[in-house]
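Trainee: give me a 3D structure for the following:
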Amino acid sequence: MSKSITRRIQLTGGSTYIVSLPKDWVKALSLKTGDEVEIFQDVDMKLIIVPKSRNLTESEERKMILHCENSPPEAIVREFIAYYMAGYSSVTIACNKMTGNIRAYIKDAVRRRLLGAEVVEEDANSISIQFLVDEKELSIKKAITRAFTISYNMLRDSLEAINKSDFELAKEIIERDDEVDRFFFYIARQLTISVTSVNVLSNEGYNLTQAVDIYSVAKTVERVGDHANRIASLSEEVSKFSSKEDLVKLGFTVLENYKSSMNAFLNGKKDVAHNIISDIRIFEKLREMQEIVIKSNDNPKIITSASMVVESLRRIARYSADIAEATIDILAKAGR
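Mentor: Sure, this is the predicted structure:
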């Protein structure tokens, strides 16, 4: 737990106010006379002092070694992802016994699901993976935009797969879900790093109080990708649904609502966000569609699949409202 340190403001030179830095803090960071510090001001007028040399590269010093005896490969991959999101720059997995199949599974899963994951060292008993991510090239806002674009296209193509009975397209959609996850994990990583490196957010015009809302939006986009994946997996049965055309049409309405909510977030459109939250007509139409599904004369398997698609669309519509609410919250925390 951090302790409180009190310092008295002093005036020097008749016009400059100064405050001394704690000696223990200076020593702990190996600072010396002449070194520079950066001062950030948050929305509550608090000042945050950071040594200028301590930027994003500080995360390069964070390393972890995992001992994986008796751990299933899926658990090892989850650990990799957890340390990636925690801001570590490299993770080494050490096992006395590691089969070729397990080794290949871990490397493939980590590379597929994490941005910038590269194997830098490997022997019979260990794998070292370093996370080589250029944060300057990929901002948080850009990562959210890319994740949204992928999830939007997944949902659109899922509806097209139902409409055109294109099951090859449906299979291809399912493979895209990892791409949405990659950007979500990256955003979570950057938000974790921002707790100690405030310039991660300030360089993008955000502040630390907005981090929870940014995470909420990123997680929502990831969930939309999951539901688009689910709809694609049900496309073969739902393509036989007697009211397929009406269902697909409603799906495209939900899709455009999702797009509007994300545009409100990315462009800071408070009025659009309020309109999305207030408009409940889309939920009424989804309820009506659910009744049509239940009352249809289709076989039980088709009815079940169509009902699951309607439920996924309802959740996506709810997620769109959540993004709109997060937009309003973020703007309030920016004083807008």
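
Trainee: what's the closest non-adjacent residue to the one residue sitting closest to the centre of the chain?
Mentor: Taking CA atoms, centre = their mean, the centroid of the chain lies closest to residue 184, which sits 2.6 Å from it. Leaving aside its sequence neighbours, residue 184 sits nearest to residue 222 (CB to CB, 6 or more residues apart in numbering; 4.1 Å). Using the backbone N, CA and C atoms, a C-beta is placed for each residue, glycine as well.

Trainee: please apply the same query to residue 132.
Mentor: Closest to residue 132 by CB to CB, 6+ apart is residue 116, at 4.5 Å.

Trainee: for the stretch 1-150 of the chain, just list every one of the strands.
Mentor: For the stretch 1-150 of the chain, strands defined by DSSP state E, counting those that start in this stretch occupy the ranges 10-12, 16-18, 37-41, 47-51, 63-67, 90-94, 117-123, 126-131.

Trainee: turn those strands into a markdown table, including mean pLDDT and mean neighbour count.
Mentor: As requested, these are exported to a markdown table (pLDDT from 0 to 100; neighbours: other CB atoms under 10 Å):
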| stretch | mean pLDDT | mean neighbour count |
| --- | --- | --- |
| strand 10-12 | 85 | 9 |
| strand 16-18 | 88 | 9 |
| strand 37-41 | 78 | 13 |
| strand 47-51 | 79 | 13 |
| strand 63-67 | 86 | 14 |
| strand 90-94 | 89 | 21 |
| strand 117-123 | 87 | 14 |
| strand 126-131 | 88 | 21 |
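
Trainee: just so I know, which of those strands lies nearest residue 205?
Mentor: strand 37-41 (12.9 Å; CB to CB).

Trainee: the closest one pairs with which strands, parallel or anti?
Mentor: With DSSP bridges as the test, strand 37-41 is paired with strand 47-51 (antiparallel).

Trainee: about what we covered before: in a markdown table: the strands of the stretch 1-150 of the chain, plus distance to residue 247.
Mentor: Shown next, in a markdown table, are these (distance: least, CB to CB, whole Å):
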| stretch | distance to residue 247 |
| --- | --- |
| strand 10-12 | 71 |
| strand 16-18 | 66 |
| strand 37-41 | 50 |
| strand 47-51 | 51 |
| strand 63-67 | 46 |
| strand 90-94 | 44 |
| strand 117-123 | 39 |
| strand 126-131 | 42 |
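
Trainee: can you check which of those strands gets nearest to residue 27?
Mentor: In terms of CB to CB, the element of those nearest to residue 27 is strand 47-51, at 12.4 Å.

Trainee: could I have the CA atoms of the closest one written out in CSV?
Mentor: Below are the C-alpha coordinates for strand 47-51, written out as CSV (Å, rounded to 0.1, in the frame of the first residue of the first chain):
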residue,chain,number,x,y,z
LEU,A,47,-0.1,15.7,-10.9
ILE,A,48,1.7,12.5,-11.8
ILE,A,49,5.5,12.6,-11.9
VAL,A,50,7.2,10.0,-14.1
PRO,A,51,10.9,9.8,-14.9
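
Trainee: off-centre distance for it?
Mentor: 27 Å (CA atoms, centre = their mean, to the nearest Å).

Trainee: swap in stretch 8-19?
Mentor: 44 Å.

Trainee: contacts for it?
Mentor: residue 7 (CB atoms under 8 Å, 6 or more residues apart in numbering).

Trainee: give me the distance between the two termini of that stretch.
Mentor: Using CA to CA, to the nearest Å, the end-to-end distance of stretch 8-19 comes to 7 Å.

Trainee: likewise for stretch 80-94?
Mentor: Start to finish, the residues bounding stretch 80-94 are 12 Å apart (CA to CA).

Trainee: what of stretch 63-77?
Mentor: 16 Å.

Trainee: same question, stretch 289-301
Mentor: Using CA to CA, first and last residues of stretch 289-301 are 17 Å apart.

Trainee: buried residues, that stretch. List them.
Mentor: Using 16 or more other CB atoms under 10 Å as the test for burial, stretch 289-301 gives 289-290, 292-293, 298.

Trainee: and of these, the nearest to residue 163?
Mentor: The closest of these, once distances to residue 163 are taken by CB to CB, is residue 289, at 15.1 Å.
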